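Enquirer: can't give you the sequence, but here's the structure:
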């Protein structure tokens, strides 16, 4: 398991002063540490188009098979006003294939008047198919605007 300290870079680093070979070794090690740390960080971009999160996931079907990790992507679907105890579908504009696998499907909504926040999931059902995201509500949520976030591999 990676700890928080292993994911962060030191704020300062001391290089050997009198040994050029050791200086070069330490400089390369430090640059590799920078590269590895930056590459492991997750991007916090929440955009309507497909965005690489910076994350990776075990290979589908054979986690220990030595296969290449799969990239994790994110896309945000703007739902606008949520439905009044009914169903609303919005196109997600993603291209699915046989290897598409959703890791996270979640959403949030804000009340247009009053500014009350709520998670959309407790009062809704969110479903995704190859062309759209569908929200089904069991109560009137038409005064709320919402977003659905899709995180997936393919």
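Expert: On my side now, so go ahead. What you are looking at is a predicted structure, and each value in this text was computed from that prediction instead of being measured.

Enquirer: so for the lengthiest helix in the chain, mean pLDDT?
Expert: Longest helix of the chain, by residue count under DSSP state H: helix 20-40. Helix 20-40 shows a mean pLDDT of 86 in the predicted model.

Enquirer: buried ones in the helix or strand just after that helix?
Expert: Moving toward the C-terminus from helix 20-40, the next helix or strand (DSSP states H and E) is strand 51-57. Neighbour-count burial for strand 51-57, counted by 16 or more other Cβ atoms under 10 Å, picks out 51, 53, 54, 55. Quick note: C-beta positions are derived from backbone N, CA and C, even for glycine.

Enquirer: what's the angle from strand 51-57 to helix 20-40?
Expert: Computed with axes from the mean of the first three to the mean of the last three Cα atoms, to 10 degrees, the direction of strand 51-57 lies at 110 degrees from that of helix 20-40.

Enquirer: in this structure residue 72 contacts residue 56, no?
Expert: Yes. Assessed by Cβ atoms under 8 Å, residue 72 is found in contact with residue 56 at 6.4 Å.

Enquirer: now do the SS call for the residue nearest to residue 104 when sequence neighbours are not counted.
Expert: By the measure of Cβ to Cβ, 6 or more residues apart in numbering, the closest residue to residue 104 outside its immediate chain neighbours is residue 151, 4.0 Å from it. Residue 151 falls in the strand class when you classify it by DSSP: H, G, I helix; E, B strand; the rest coil.

Enquirer: surely residue 151 is in contact with residue 100?
Expert: No. Contact between residue 151 and residue 100 fails when scored by Cβ under 8 Å: they sit 11.6 Å apart.

Enquirer: more neighbours, the two?
Expert: It is residue 151, of residue 151 and residue 100, that has more neighbours when counted by other Cβ atoms under 10 Å, with 17 against 14.

Enquirer: pop out the phi and psi values for the residue of the chain positioned farthest from its centre.
Expert: Residue distances from the centre of the chain (Cα atoms, centre = their mean) peak at residue 18, which lies 45.5 Å from the mean C-alpha position. As for residue 18, its main-chain torsions (degrees, to the nearest 10) stand at phi -110, psi 10.
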